[in-house]
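Trainee: Build me a model from this:
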Amino acid sequence: MDRSLYIAMNGAKQTLLAQGANANNLANAQTTGFKADFEQFRAMPAFGPGYPSRVYSMTERPGTNMASGSIHTTGRDLDVAINGQGWIAVRNAEGQEAYTRAGDLRLTPEGLLQNGAGLSVLGEGGEAITVPPAQKLEIGTDGTISIVPQGVNATNSVIVERIKLVNPDPANLEKREDGLMHAKQAGAIPADATVTLVQGSLESSNVNALAAMVEMIELSRNFELQSKVMKNIDDTSGASAKLMQVA
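Mentor: So this is what the prediction gives:
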């Protein structure tokens, strides 16, 4: 009796965890450059005193979907999208170097170049990029930032910095709780000159909203099934207790 209750209870709990991961994907279906998380169930024995006679299900995130999203044109000078493979280097809230595909860039009043999430974009030297006041700004396909300073002839452009673009092996990247990609090994990933950008465009999320909705329905039905199993076990336990009283 306790085995079936334990299995149903654990199945319901892990289904809720999987639903949370799927809901996060669905919530970011419109987030620029977002990469969907995979989730899966795995059977695990429950170790402890005695023999491992109990098996429980475990929800885990085996990895991240690295497929590129579609690129759409915005016409905005500070919007950039990675053309093919590669990542933009940014500094996360903890001051660590991390990587993203979100190229919705902007300039703060202080001239600091950030993306839409407020993360500082890094130059090839690993430092945050600061852009002086300018009347015109262009970002080249290689990440080079050129400006026409204020009060200068429009034909006189100056190179300010070059955005750090990297292209590591996807197996060496992992997605952490901040939603950014990080190198599995310590240290910053070196810049890769082969990575190119498309100015005036953004990469959409690679989440398939329809597939995520279907999975949400399937997980909801699975949770409902586990709940019914627990209810049936409770009813059976109550009937057994009454039989014992009669005896």
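Trainee: In whichever helix in the chain runs longest, which residues are buried?
Mentor: As assigned by DSSP state H, the longest helix anywhere in the chain is helix 209-246. Buried residues in helix 209-246, defined by neighbour count with 16 or more other CB atoms under 10 Å: 212, 215-216, 219, 222-223, 226, 229-230, 233. Every C-beta, even on glycine, is put in place using the N, C-alpha and C of the backbone.
Trainee: give me the low-pLDDT residue ranges for the chain?
Mentor: 1-3, 40-48, 50-62, 246-247 (pLDDT under 70).
Trainee: could you pull out the helices for it?
Mentor: 2-27, 209-246.
Trainee: Distance to Phe34 added to those helices, as CSV?
Mentor: Formatted as CSV, the helices of the chain follow (distance: least, CB to CB, whole Å):
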stretch, distance to Phe34
helix 2-27, 8
helix 209-246, 12
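Trainee: what packs against the longest helix of the chain?
Mentor: helix 2-27 (3 or more CB pairs under 8 Å, 6 or more residues apart in numbering; DSSP states H and E).
Trainee: how about the helix it packs on: buried residues?
Mentor: 5, 7-15, 17-19, 21-22, 24-26.
Trainee: Return the distance of stretch 104-119 from the chain's centre.
Mentor: Its chain's C-alpha centre and that of stretch 104-119 lie 20 Å apart, by CA atoms, centre = their mean, to the nearest Å.
Trainee: Also stretch 207-224?
Mentor: On the basis of CA atoms, centre = their mean, stretch 207-224 sits 19 Å off its chain's mean C-alpha point.
Trainee: same deal with stretch 157-168?
Mentor: On the basis of CA atoms, centre = their mean, stretch 157-168 sits 24 Å off its chain's mean C-alpha point.
Trainee: buried ones in stretch 107-126?
Mentor: Buried residues in stretch 107-126 (16+ other CB under 10 Å): 107, 113-117, 119-124.
Trainee: got CSV for those residues, with distance to Lys175 too?
Mentor: Formatted as CSV, the buried residues of stretch 107-126 follow (distance: CB to CB, whole Å):
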residue, distance to Lys175
Leu107, 28
Leu113, 23
Gln114, 21
Asn115, 16
Gly116, 18
Ala117, 14
Leu119, 15
Ser120, 20
Val121, 19
Leu122, 19
Gly123, 24
Glu124, 24
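Trainee: Among the residues you listed, which ones are in strands?
Mentor: Secondary structure defined by DSSP state E assigns 107, 113-114, 120-121 of the buried residues of stretch 107-126 to strands.
Trainee: what's the closest of the buried residues of helix 209-246 to Asp79?
Mentor: Ala212 (25.5 Å; CB to CB).
Trainee: how close does the closest one get to Val152?
Mentor: 50 Å (CB to CB, to the nearest Å).
Trainee: for Asp104, same thing?
Mentor: 28 Å.
Trainee: Likewise for Leu5?
Mentor: Taken as CB to CB, the span from Leu5 to Val152 is 76 Å.
Trainee: which residues sit against stretch 127-142?
Mentor: Here stretch 127-142 makes contact (CB atoms under 8 Å, 6 or more residues apart in numbering) with 77-78, 80, 83, 91, 105, 107, 110-113, 120-123, 145-150, 152, 154, 157, 160-163, 165, 193, 196-199.
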